[in-house]
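Colleague: sequence below, structure please.
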Amino acid sequence: MIAVALLASYFAGSVPFGLLVVRVASGKDVRTVGSGNIGATNVARAAGRGAAAFTLLLDALKGFLPVLLAGRTLAEPWAPAACGVAAVVGHCFPVWLRFRGGKGVATGFGVALGLAPLAAACGAALWIVLYKLLRISSVGSLAGVAAALLVSATTAPRWSIAGLAGIALIVLVRHRGNLERLLRHQER
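Modeller: Take a look at the predicted model:
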């Protein structure tokens, strides 16, 4: 059952909602706009804020639902965290897009909501504050992920912390280019 749940979580995470939403909303391929990323930030560039908000919601749900279902159907205490990580891996490396997906922030937020809601709320609040102040999504994303991980370390069970640590590592690796541009003061 665990193997099936992990595979199902990966496939749930791999649904490229950003690509689909932009195609329906504007007829464009989000991968040819801005950063080429399928996540909500680039969807906003390609099709506007409404499409971005809808993508954010769908991407968060594809992280939240596998965690919720694993928690209700599997006996292993680590299964929800493992399924959440699998969903984020699916989002970042979707088989449908030749393993070129998003950066995992919204899907990771959905996972965090399922595993450690207080940590997710703190991470989201920090993202909002930093985005309002700096208008640089990657700064808010990286700081929000770090905050969620730190808050979970004191408020969540150890398997949840491990899952969020795995997601934080994935998000950090996926933001490698953003970090390089930030260090050169060239991030948009």
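Colleague: can you pull out the helices in this structure?
Modeller: Using DSSP state H, the helices of the chain run over 2-13, 17-26, 40-47, 49-73, 79-92, 105-115, 117-134, 137-155, 158-174, 176-183.
Colleague: just these: most buried one?
Modeller: Most buried of the helices of the chain, by mean neighbour count (mean count of other C-beta atoms under 10 Å): helix 105-115, with a mean of 30. Every residue, glycine included, has its C-beta placed from N, CA and C.
Colleague: could you say what helices and strands that helix packs with?
Modeller: Helix 105-115 sits against helix 49-73, helix 79-92, helix 117-134, helix 137-155, helix 158-174, with contacts defined as 3 or more C-beta pairs under 8 Å, 6 or more residues apart in numbering; DSSP states H and E.
Colleague: with distance to Ala40 and mean pLDDT added, can I get those in a markdown table?
Modeller: A markdown table is the format used below for the helices and strands packed on helix 105-115 (distance: least, C-beta to C-beta, whole Å; pLDDT from 0 to 100):
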| stretch | distance to Ala40 | mean pLDDT |
| --- | --- | --- |
| helix 49-73 | 4 | 97 |
| helix 79-92 | 11 | 98 |
| helix 117-134 | 11 | 97 |
| helix 137-155 | 9 | 96 |
| helix 158-174 | 14 | 97 |
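Colleague: and of those, who's closest to Arg184?
Modeller: With C-beta to C-beta as the criterion, Arg184 lies closest to helix 137-155 of those, at 13.1 Å.
Colleague: state the distance from the residue nearest to Gly108 when sequence neighbours are not counted to Val95.
Modeller: Setting aside the residues directly before and after it, Gly108 is nearest to Ile167 in space (C-beta to C-beta, 6 or more residues apart in numbering), at 4.3 Å. Applying C-beta to C-beta, to the nearest Å, the value for Ile167 to Val95 is 19 Å.
Colleague: roughly how far does the closest residue in space to Leu118 that isn't next to it in sequence sit from Leu169?
Modeller: Nearest residue to Leu118, sequence neighbours excluded (C-beta to C-beta, 6+ apart): Thr155, at 5.2 Å. The gap separating Thr155 from Leu169 is 20 Å, by C-beta to C-beta.
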